[in-house]
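> I'll drop the sequence and a predicted model, then ask my questions.
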Amino acid sequence: MRLDVTPPPPSQADRDRRMHRLYAGVIAVEVVVVVGIWLFQHYFGS
Amino acid sequence: MHPLDWTVVAVYLVWIVWDGLKRSKATNEVEGYFLANRSLPWWAVGLSVMATQLSAITLVGTTGRGYSEGLGVVQMYLGLPIAMVILSLTVVPFFYRARVFTAYEYLERRFDSRTRTLASLLFLFSRALSCGVIVSAPAVILSIVLGWNLTLTILGIGLPTVLYTMVGGVQAVTWTDVKQMAVIIAGVGAVVVMLLLQLPDHVSVGSALHIAGTTGRMQALDFSWDPNKTYTFWSGLIGGLFLMLSYFGCDQSQVQRYLTAKSIDEGRQSLLMSAYFKIPLQFLIPMIGVLIFVFYLFHQPPVLFNHVHDAQIRASARGAEYAALESEFAAAFEHRRRTAGQLAAVRQAQDPGAIQVAESAFLASDATTAAIRGRATQLVREVTGDKAFGDVNYVFPTFVTEHMPIGLVGLIIAAIFAAAMSSIAAELNSLSTATVIDFYRRLWRTDESDAHYLKVSKLVTGFWGIVACTVAVYAANLGPLIDVVNRFGSFFYGSLLGVFILAIGTRRATARGAFWGLLAGMAAVALVARYSSIAFLWHNVVGAAVVVVVGMGVSLISAADGQKSAL
């Protein structure tokens, strides 16, 4: 017997969770980038 | 330019035009032509969004700004990631579910045809002019640096773009944008690598950045609250947020990008790509300018990077004065080169006292060099009568043509072409969409076949291409026109955002409120721009706020009047 291994399509709730993770990632990356730029300017600017 | 560089530019043009033209096969109806039947993957749309925003003016002008002022310009983009999250949560699902072709189509559904017509007309007028400037600005610079004929350069950038955009529609625009973005990244990467390789043996990358930092060029973040400063952390975060909300949320040239995505989530992800990568990219571009500044500390730069003005001054009655300035500049450069070398050496020795002395000596010699360049610039202004003359936009192309190896010069010229063409193509496509959907199909020929509208759409794309090239030829000779176009854009952006806030944010706003709010917002920005020195990023906040306040005020008054007459 051959098993169907195709995963079911993600539900709306799964898709929403994924989008929320992406939004949180954007904010986290922005904070990291701004802090990184500040450290960069602090190190090389003085 | 070497024949190999010409070959690289020619191969790039042929590749892009061929790639764009072959997309016409999948474009046989209006929805396919303008929205790719809403079938494109998020990563292609995301790269297209980034390529559309990154014009040749950004590539050439921002590196020049990095050379002269440093990294501060990156602050303009600080509001972008937050704007992308807000747009993904609000307008992307809104527009997508409304099945609209243009952002302005929604305004008629929510308000009335008058508001849609005004918004779409403002878009057509400002974008047609700015499209001309986007063609003109790099063409002027390339024609001067490379000695090309200006009109032919404009046509060299404009005609291939018009051709593939006209034939292939939005599919051609998006898929060529993907390739153009790759060419831009390759060009930018090549310049960075070459700049690092060309540092003198005794100067490490760290020392080079420290030397640039001594002059204040590493000052990327400025936390002051001065509203007259163009780029501060707060103007970028707040003013930039409003600018990006209006550009990506209300400007058809960007809205149309994510309307082509396969689904709402793919449209959202396409915007989030910019949210993740735009700030690092916009940090890298002025950094190239900073590295070019370091490069010219150790290699003799020209007094003026604009060769045409240089030749003009030599041939003028004040040629001898200029020659004396050149000798003075050469001596000042030698002194600065020595002091920069000493600073690099003492930094490696890590002697704080010696570093302080070497920094002072270097800064004094850098100020002398800058003062001589300032006098040369003033001389140009007096001889040519061009009071706004400044030559920072010529720094990057001059460095590329004079100091990059054969082959890579062609790659970077191709990258400048790619940056210009990707922006122009998206604008032509969106101008055609707004013309056909908001005016032709709605007002003039309301009941024609899809084939008819498709044919007209292609012709209208060609028409806007001709307009853009014509504006470009005139814009090249009318410097202040560029300022007018940019200023007009800033009047329009914040105010249009205000109208969309009224449309989406509250049910109480009426058509009359939106219409008068839009006019009041633009008038307010015009007054602020005319009678204050508030930086342009804040204009978007002013425009949006005035539209919302006036729009709500008029809406509430007109609603109260309506209730009275009903009684």
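Noted; the coordinates are in hand.
> Could you use CA atoms for every contact and neighbour count after this?
Will do.
> hang on, isn't B:Leu259 packed against B:Asn37?
No. Under the criterion of CA atoms under 8 Å, B:Leu259 makes no contact with B:Asn37, lying 9.3 Å away.
> more crowded one of these two?
Residue environment comparison for B:Leu259 versus B:Asn37 gives the larger neighbour count to B:Leu259, 30 against 19, counting by other CA atoms under 10 Å in any protein chain shown.
> need the contact list for that one.
B:Leu259 is in contact with B:35, B:38, B:92, B:95-96, B:101, B:267, counting by CA atoms under 8 Å, 6 or more residues apart in numbering or on different chains.
> Nearest to chain A among the residues you listed?
Each of these was checked against chain A using CA to the nearest CA; the closest is B:Gly267, at 11.4 Å.
> what about that closest one, which SS state?
Following DSSP: H, G, I helix; E, B strand; the rest coil, B:Gly267 is assigned to helix.
> how about the helices in chain A?
The residue ranges that make up the helices of chain A, judged by DSSP state H, are A:12-44.
> Of all residues in it, which one is closest to chain B?
Nearest residue of chain A to chain B: A:Gly45, at 4.0 Å (CA to the nearest CA).
> in terms of contact, does B:Val91 touch B:Gly249 like I think?
Yes. With contacts counted by CA under 8 Å, B:Val91 reaches B:Gly249, the gap being 6.7 Å.
> of the two, who's got more company?
Counted by other CA under 10 Å, B:Val91 and B:Gly249 do not tie: B:Gly249 has more neighbours, with 26 against 20.
> what comes up buried for the helix or strand hosting B:Phe463?
Taking DSSP states H and E as the definition, one finds B:Phe463 inside helix B:450-477. In terms of neighbour count (16 or more other CA atoms under 10 Å in any protein chain shown), helix B:450-477 has its buried residues at B:453-454, B:456-458, B:460-473, B:475-476.
> One more: stretch B:2-14?
With the criterion 16+ other CA under 10 Å, stretch B:2-14 contains buried residues B:5-6, B:8-9, B:12-13.
> likewise stretch B:392-409?
Of all the residues in stretch B:392-409, those buried under the rule 16+ other CA under 10 Å are B:392-401, B:404, B:407-409.
> Tell me if I'm right that B:Ile534 and B:Tyr231 touch.
No. B:Ile534 is beyond contact range of B:Tyr231, at 11.2 Å (criterion: CA under 8 Å).
> how far does stretch B:225-245 sit from the chain's center?
Relative to its chain's centre, stretch B:225-245 lies at 16 Å (CA atoms, centre = their mean, to the nearest Å).
> can you check stretch B:233-252 too?
On the basis of CA atoms, centre = their mean, stretch B:233-252 is displaced by 13 Å from the centre of the chain it belongs to.
> first to last residue in that stretch, what's the distance?
One end of stretch B:233-252 to the other measures 28 Å (CA to CA, to the nearest Å).
> thinking again about what came up before, so which of B:Ile534 and B:Tyr231 has more stuff around it?
Under the neighbour definition other CA under 10 Å, B:Ile534 and B:Tyr231 were set side by side, and B:Tyr231 has more, 27 against 16.
> so what's that one up against?
Under the contact definition (CA under 8 Å, 6+ apart), the residues listed for B:Tyr231 are B:72-73, B:75-76, B:222, B:535.
> Just the pLDDT for the residue nearest the centre of chain A.
Most central in chain A under CA atoms, centre = their mean is A:Gly25, positioned 3.4 Å from the mean C-alpha point. The predicted local distance difference test score for A:Gly25 is 95.
> For stretch B:366-380, buried residues please.
B:366, B:368-370, B:372-373, B:376-380.
> and chain B, which residues reach chain A?
Contact residues (CA under 8 Å from any CA of the partner chain) of chain B with chain A: B:81-82, B:85, B:206, B:209-210, B:212-214, B:216-221, B:265, B:272, B:275-276, B:279-280.
> can you do 6 Å?
For chain B, the residues in contact with chain A (CA under 6 Å from any CA of the partner chain) are B:210, B:213, B:218-219, B:276.
> Tabulate these (a markdown table), appending neighbour count.
Shown next, in a markdown table, are the residues of chain B next to chain A (neighbours: other CA atoms under 10 Å in any protein chain shown):
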| residue | neighbour count |
| --- | --- |
| B:His210 | 23 |
| B:Gly213 | 20 |
| B:Met218 | 28 |
| B:Gln219 | 23 |
| B:Tyr276 | 22 |
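> In strands, which of those fall?
Nothing among the residues of chain B next to chain A maps onto strands, per DSSP state E.
> For stretch B:210-225, output the C-alpha coordinates as CSV.
Output for stretch B:210-225, consisting of C-alpha atoms alone and laid out as CSV, is shown next (Å, rounded to 0.1, in the frame of the first residue of the first chain):
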residue,chain,number,x,y,z
HIS,B,210,38.5,55.1,11.9
ILE,B,211,40.0,57.8,9.7
ALA,B,212,36.6,58.4,8.0
GLY,B,213,35.1,58.5,11.6
THR,B,214,37.5,61.2,12.6
THR,B,215,35.8,63.5,10.0
GLY,B,216,32.3,62.7,11.3
ARG,B,217,31.3,60.5,8.3
MET,B,218,30.5,57.5,10.6
GLN,B,219,27.8,59.6,12.4
ALA,B,220,24.9,57.4,11.1
LEU,B,221,22.4,58.2,13.9
ASP,B,222,21.7,61.7,15.1
PHE,B,223,19.3,61.7,18.1
SER,B,224,18.7,65.5,18.1
TRP,B,225,15.1,66.8,17.8
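> How about residues contacting that stretch?
Among residues not part of stretch B:210-225, those counted as contacts by CA atoms under 6 Å, 6 or more residues apart in numbering or on different chains are A:41, A:44-45, B:69-72, B:232-233.
> Format these as a markdown table; extra columns: pLDDT, neighbour count and distance to B:Val60.
Below are the contacts of stretch B:210-225 laid out as a markdown table (pLDDT from 0 to 100; neighbours: other CA atoms under 10 Å in any protein chain shown; distance: CA to CA, whole Å):
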| residue | pLDDT | neighbour count | distance to B:Val60 |
| --- | --- | --- | --- |
| A:Gln41 | 92 | 21 | 23 |
| A:Phe44 | 87 | 20 | 24 |
| A:Gly45 | 81 | 20 | 24 |
| B:Glu69 | 90 | 22 | 14 |
| B:Gly70 | 91 | 27 | 14 |
| B:Leu71 | 93 | 29 | 14 |
| B:Gly72 | 92 | 22 | 16 |
| B:Thr232 | 93 | 27 | 22 |
| B:Phe233 | 95 | 23 | 23 |
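> and of those residues, the nearest to B:Leu150?
For these, the minimum distance to B:Leu150 (CA to CA) is 28.7 Å, reached by B:Glu69.
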